[in-house]
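S.K.: What follows is a predicted structure for the sequence shown.
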2 protein chains.
Amino acid sequence: MNNLDAVFAALADPTRRAILTMLLEDDMAVTDVAEPFEMSLAAISKHLTVLANAGLIAQEKRGRVKWCKLDPDALRAASVWMQGFGQFEPVNLDAFERFLEAELPDTARD
Amino acid sequence: MNNLDAVFAALADPTRRAILTMLLEDDMAVTDVAEPFEMSLAAISKHLTVLANAGLIAQEKRGRVKWCKLDPDALRAASVWMQGFGQFEPVNLDAFERFLEAELPDTARD
DNA sequence: CGCATATTCAACCAAACAGTTGACCATTGT
DNA sequence: ACAATGGTCAACTGTTTGGTTGAATATGCG
């Protein structure tokens, strides 16, 4: 699986995109990442593995806690790929904000 | 399936990305899109349907030929999403976090 | 030590996916 | 009319995915 395959496949899941959005604000432990979602910890653990395999996050174990942090390099690579398909407007943060709102899991906003 | 789901899922397949790259050069008929690949025409037809459902291409039938052309709008949306992650440098992280604080209050989502 | 916490593993399941083949329209050319 | 061309549909297959549960492995704490 080439890297773009893994990156785009990882991004194709709304749970994983929500996780990335959460990690944008701060590094988090696996359990805390899982908290707002209505699925098992094991499921979130798998999602985090997918994100890590795609290079989108890095995980570091300290003690019994595994910390997850965003690693935007892979996203940057995918973004570069997409730039080839047209001149996109400079980053539109208003649009980004709308995406964030749409992406956050309900329980993460309450 | 929200649109970002469909766009990223469509981009996760190397055959589909190759098709997009081909369409970057010129509009093409389905048969011509299929020609360089070592898989059946039906398989390529399915890939094109996936791309069309994601909004990445438009298809127009003229006579018995169905023309496929790139439609970068969906790519632009995905690109905006990704640039939100990929663009900032560590130095800008604090500012971006403040942006999130200011633009995404918990109460502003409904 | 013994118990609670953090996380993963293993086995399983249902649904989706990527591909095949062969039949089936629809359109064009002779 | 008929054959060839362009493309999709339907049914089937094997693999992947996203989720579950329960057991297992570490680590930290009283």
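M.R.: Cool, the structure landed. The structure presented is a predicted model; accordingly, all values stated were derived computationally and were not measured.

S.K.: Stretch A:56-75 spans what distance, first to last residue?
M.R.: From its first residue to its last, stretch A:56-75 covers 7 Å (C-alpha to C-alpha, to the nearest Å).

S.K.: That one near chain B anywhere?
M.R.: Yes: Stretch A:56-75 lies within reach of chain B by C-beta under 8 Å from any C-beta of the partner chain, at A:70, A:72-73, A:75. (C-beta placed from N, C-alpha, C; glycine too.)

S.K.: Tell me which helix or strand the residue nearest the centre of chain A sits in.
M.R.: Geometric centre of chain A, nearest residue: A:Leu20, 2.4 Å, by C-alpha atoms, centre = their mean. Of the helices and strands defined by DSSP states H and E, A:Leu20 is found in helix A:14-25.

S.K.: got the buried residues for that helix?
M.R.: A:14, A:16-24 (16 or more other C-beta atoms under 10 Å in any protein chain shown).

S.K.: Now tabulate those in a markdown table and tack on pLDDT and distance to A:Arg64.
M.R.: Shown next, in a markdown table, are these (pLDDT from 0 to 100; distance: C-beta to C-beta, whole Å):
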| residue | pLDDT | distance to A:Arg64 |
| --- | --- | --- |
| A:Pro14 | 96 | 29 |
| A:Arg16 | 97 | 24 |
| A:Arg17 | 94 | 28 |
| A:Ala18 | 95 | 25 |
| A:Ile19 | 96 | 20 |
| A:Leu20 | 94 | 24 |
| A:Thr21 | 91 | 26 |
| A:Met22 | 94 | 21 |
| A:Leu23 | 93 | 20 |
| A:Leu24 | 88 | 25 |
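
S.K.: Out of the residues you listed, flag the one nearest to DNA strand C.
M.R.: Checking the buried residues of helix A:14-25 against DNA strand C with C-beta to the nearest atom of the strand, the nearest one is A:Ile19 at 12.1 Å.

S.K.: And the strands in chain A?
M.R.: For chain A, the strands defined by DSSP state E cover A:28-29, A:57-62, A:65-70.

S.K.: Now A:Ala12, what are its backbone angles?
M.R.: Dihedral pair for A:Ala12: phi -70, psi -10, per degrees, to the nearest 10.

S.K.: so what's the nearest residue to A:Lys61 once chain neighbours are set aside bridging to?
M.R.: With C-beta to C-beta, 6 or more residues apart in numbering or on different chains as the measure, A:Trp67 is the residue that lies nearest to A:Lys61, at 7.6 Å, once sequence neighbours are left out. For A:Trp67, the beta-bridge partners under DSSP bridges are A:Ala29, A:Glu60.

S.K.: Near DNA strand D, which residues of chain A are found?
M.R.: A:9, A:12-13, A:15, A:38-40, A:42-43, A:46-47, A:50, A:62-64 (C-beta under 7 Å from any atom of the strand).
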